[in-house]
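Engineer: what follows is a protein structure lacking sequence information:
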């Protein structure tokens, strides 16, 4: 319940408030594999929030779908830590395949706002996030 409330409901409410306040372009960080019909809760919720945000009616909406985020966390998540260690090593050979540093995602989010749009809704998958994050 808490995950759904934070990752779907609060984000959708924030989008509605932003639109009501005059926001024209909303940037949403979602997840690789997001799909409202997924049998996995995480991916289903991410897909649901993507649809909710798009329905708010922004002039422009950019959705970023990063793969595994490479970052340091304060809380303990052993499985995620192991995945980050493995994927961090894989990233040396295949840098855009399975992971992305959070700094790259942040740069891509800013760049998406500063550059002209490619339509009303633009979905950026992991490789495109890496490319835009270089800007």
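Structural biologist: On my side now, so go ahead. Nothing here was measured: the structure is a model prediction, and the numbers come from that model. Numbering: from 1, shown residues only.
Engineer: going forward, measure contacts between C-alpha atoms and count neighbours the same way
Structural biologist: Fine.
Engineer: this protein: strands as residue ranges?
Structural biologist: Remark: strands assigned in the chain by DSSP state E are 25-29, 60-65, 68-70, 99-101, 121-125.
Engineer: least confident of these, on average?
Structural biologist: If the strands of the chain are sorted by mean pLDDT, strand 68-70 sits at the bottom with a mean of 84.
Engineer: on that earlier part again, with distance to residue 109 added, can I get the strands of the chain in a markdown table?
Structural biologist: Listed next are these as a markdown table, based on distance: least, Cα to Cα, whole Å:
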| stretch | distance to residue 109 |
| --- | --- |
| strand 25-29 | 7 |
| strand 60-65 | 8 |
| strand 68-70 | 14 |
| strand 99-101 | 13 |
| strand 121-125 | 10 |
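Engineer: looking at those, which is closest to residue 133?
Structural biologist: Nearest of the strands of the chain to residue 133, taken as Cα to Cα: strand 99-101 at 9.7 Å.
Engineer: what pairs with the closest one, parallel or antiparallel?
Structural biologist: Here strand 99-101 has these sheet partners by DSSP bridges: strand 68-70 (parallel).
Engineer: which residues touch the strand it pairs with?
Structural biologist: 84, 87, 88, 98, 99, 100, 101, 102 (Cα atoms under 8 Å, 6 or more residues apart in numbering).
Engineer: cutoff 6 Å now
Structural biologist: By Cα atoms under 6 Å, 6 or more residues apart in numbering, the list of residues contacting strand 68-70 from outside reads 84, 99, 100, 101, 102.
Engineer: who wins for neighbours among those?
Structural biologist: When the contacts of strand 68-70 are compared by neighbour count (other Cα atoms under 10 Å), residue 100 ends up highest, at 25 neighbours.
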